[in-house]
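Asks: below are the sequence and a predicted model; questions follow.
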2 protein chains.
Amino acid sequence: MLKKPRGRPRAYDPDVALWQALETFWANGFSRTSLDALAEATGMNRPSLYAAFGDKKSLYLKSFECFAGQLRAALARTAQSDAPLDTTLREFFYEAIEIYMSGADGPRGCFIICTAPAEAAMDADIRAALKAALAEIDEGLEIPFAKAKAEGHLPPDADTAALARLAASVLHSLAVRARAGETKEALHTLARQSVQSLC
Amino acid sequence: MLKKPRGRPRAYDPDVALWQALETFWANGFSRTSLDALAEATGMNRPSLYAAFGDKKSLYLKSFECFAGQLRAALARTAQSDAPLDTTLREFFYEAIEIYMSGADGPRGCFIICTAPAEAAMDADIRAALKAALAEIDEGLEIPFAKAKAEGHLPPDADTAALARLAASVLHSLAVRARAGETKEALHTLARQSVQSLC
DNA sequence: ATGATTTTTTGCGAATTGGTACAAAATGTT
DNA sequence: AACATTTTGTACCAATTCGCAAAAAATCAT
């Protein structure tokens, strides 16, 4: 049933190329990343990049959305965890730290927290994407707190939204700290101690 | 005793010009800010900018240091406060929020947290400056916690360094949220609730 | 074989970018 | 007045940047 489309076949896989672009933006931020760098990373010439993804900002926003998708998946796994709240939270942070510390040339922190703010004050689209991502993190992190409260592991008057936002603040901080070069041990310590304070 | 220097007098005040450059970098980030934009903001031609401040990155780092100086002053005021810990912390956050929400064209968050990470992965000097600033925030915020502990307002086994780092995380988060366009009320709420959790 | 479609390649253009050389301007010193 | 010093202003440069037009390549459909 898979009908071969007409025309010259693509020399790239769109998902692979998008990930390669994302990695380039992740390391360099939006403005510092040139079309030449994206072309080199993806092996595509500039007209092909434009044809496949649109202009530079469109490609950035698609990369942002791709990264946000992975964040969404991590939040969903955290929401579905049956482990105790502190274990759930700690594992979420540890997983984030793994991603933040990854990078061929060193730690990159979080794509969203580390590259979008620089652009956000002057670009309404990037600002909106950032704001939406922050809200998703807040909402996603509230679920394990609400579950723990419903199961009696938190006081009945605990403000789960407030706790979630505090936990999200820890995530933002881990992101920036990783990019600044703090050690993995320091990040783990902050994660552990924050979980202790929150639970 | 003030001897008039030889040569043509300067047409600018270095401190004023530096602040103007800082504001431009604050809104646009490092890479998005052009020399023309800096020249326009300061009223100086490019050769004059180079003569006064060095190249673009030098000017950015000088701006960073200028902003860090103001942060240092705010931390010092917080360290010297005689108010109760929760009041001290809340006022520190409220003051930060005022700065983060300032801006002729909208909120800019924190110069350091919102502009340096984008560059930090690929520029060791900016990364080092960011890391140093993060450490200063951690250390500065530990002082009120240590005071409160010494005065018996915190349990004797309270880990003041951990609490300070959690408070610093809130500050980082406020910075990013402000830049993303969250409301002042939402930021105040996060600040208040975090202080409640921390004290 | 021809035509239609899709993608790649090559080459290009206008604008911008960071940085600099040098002459002119504006002062103090001798 | 001539010279030395400091700063400004003008003009320029090489390189880079983003985006695009058009031809060539590679396929399927008739």
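Replies: Arrived safely. Numbering: from 1, shown residues only, chains lettered A, B, ... in the order given.

Asks: buried stuff in the helix ranked longest in chain A?
Replies: Taking DSSP state H as the criterion, chain A has its longest helix at helix A:124-150. Neighbour counts over helix A:124-150 (16 or more other CB atoms under 10 Å in any protein chain shown) mark A:126-127, A:129-131, A:133-134, A:136-138, A:140-149 as buried. Just so you know, the C-beta spots here come from the backbone N, C-alpha and C atoms, and that holds for glycine as well.

Asks: repeat for stretch A:16-29
Replies: For stretch A:16-29, by 16+ other CB under 10 Å, it's A:17-29.

Asks: repeat that for stretch A:159-179.
Replies: A:159-179.

Asks: among those residues, name the ones in helices.
Replies: Those of these mapping onto helices are A:160-179, per DSSP H.

Asks: tell me which residue in chain A sits closest to DNA strand C.
Replies: A:Gly7 (2.2 Å; CB to the nearest atom of the strand).

Asks: which SS state does that residue fall under?
Replies: coil (DSSP: H, G, I helix; E, B strand; the rest coil).

Asks: how many other residues sit next to it?
Replies: 6 (other CB atoms under 10 Å in any protein chain shown).

Asks: from the contact counts, what lies against the longest helix of chain A?
Replies: helix A:56-79, helix A:85-101, helix A:111-120, helix A:160-180, helix B:160-180 (3 or more CB pairs under 8 Å, 6 or more residues apart in numbering or on different chains; DSSP states H and E).

Asks: spatially, which residue comes closest to A:Phe93, not counting chain neighbours?
Replies: Spatial nearest neighbour of A:Phe93, excluding adjacent residues (CB to CB, 6 or more residues apart in numbering or on different chains): A:Ala191 at 3.7 Å.

Asks: buried ones in whichever helix or strand that neighbour is part of?
Replies: Counting by DSSP states H and E, the element that carries A:Ala191 is helix A:184-198. Within helix A:184-198, the residues that qualify as buried are A:Leu187, A:Leu190, A:Ala191, A:Arg192, A:Gln193, A:Ser194, A:Val195, A:Ser197, A:Leu198, counting by 16+ other CB under 10 Å.

Asks: so A:Trp19 touches A:Lys62, yeah?
Replies: No: look at A:Trp19 against A:Lys62 with CB atoms under 8 Å: they stay out of range, at 10.7 Å.

Asks: for DNA strand D, tell me which of the ones in helices among the buried residues of stretch A:159-179 show up nearby.
Replies: By CB under 7 Å from any atom of the strand, no member of these lies near DNA strand D.

Asks: ok, and of those residues, which contact chain B?
Replies: A:162-163, A:165-166, A:168-170, A:172-177, A:179 (CB under 8 Å from any CB of the partner chain).

Asks: in TSV: these, plus distance to A:Phe92.
Replies: Output for those, formatted as TSV (distance: CB to CB, whole Å):
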residue	distance to A:Phe92
A:Ala162	18
A:Leu163	13
A:Arg165	15
A:Leu166	14
A:Ala168	11
A:Ser169	14
A:Val170	10
A:His172	14
A:Ser173	14
A:Leu174	11
A:Ala175	13
A:Val176	17
A:Arg177	16
A:Arg179	19
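
Asks: pLDDT at A:Phe53, what is it?
Replies: With respect to pLDDT, A:Phe53 scores 95.

Asks: measure A:Lys131 to B:Ala186 for me?
Replies: 11 Å (CB to CB, to the nearest Å).

Asks: run the chain-centre distance for stretch A:92-101.
Replies: Mean-position distance between stretch A:92-101 and its chain equals 10 Å (CA atoms, centre = their mean, to the nearest Å).

Asks: next, the contact list for A:Ala116, please.
Replies: A:Phe30, A:Phe64, A:Ile126, A:Arg127, A:Ala129, A:Leu130, A:Ala133, B:Ala180 (CB atoms under 8 Å, 6 or more residues apart in numbering or on different chains).
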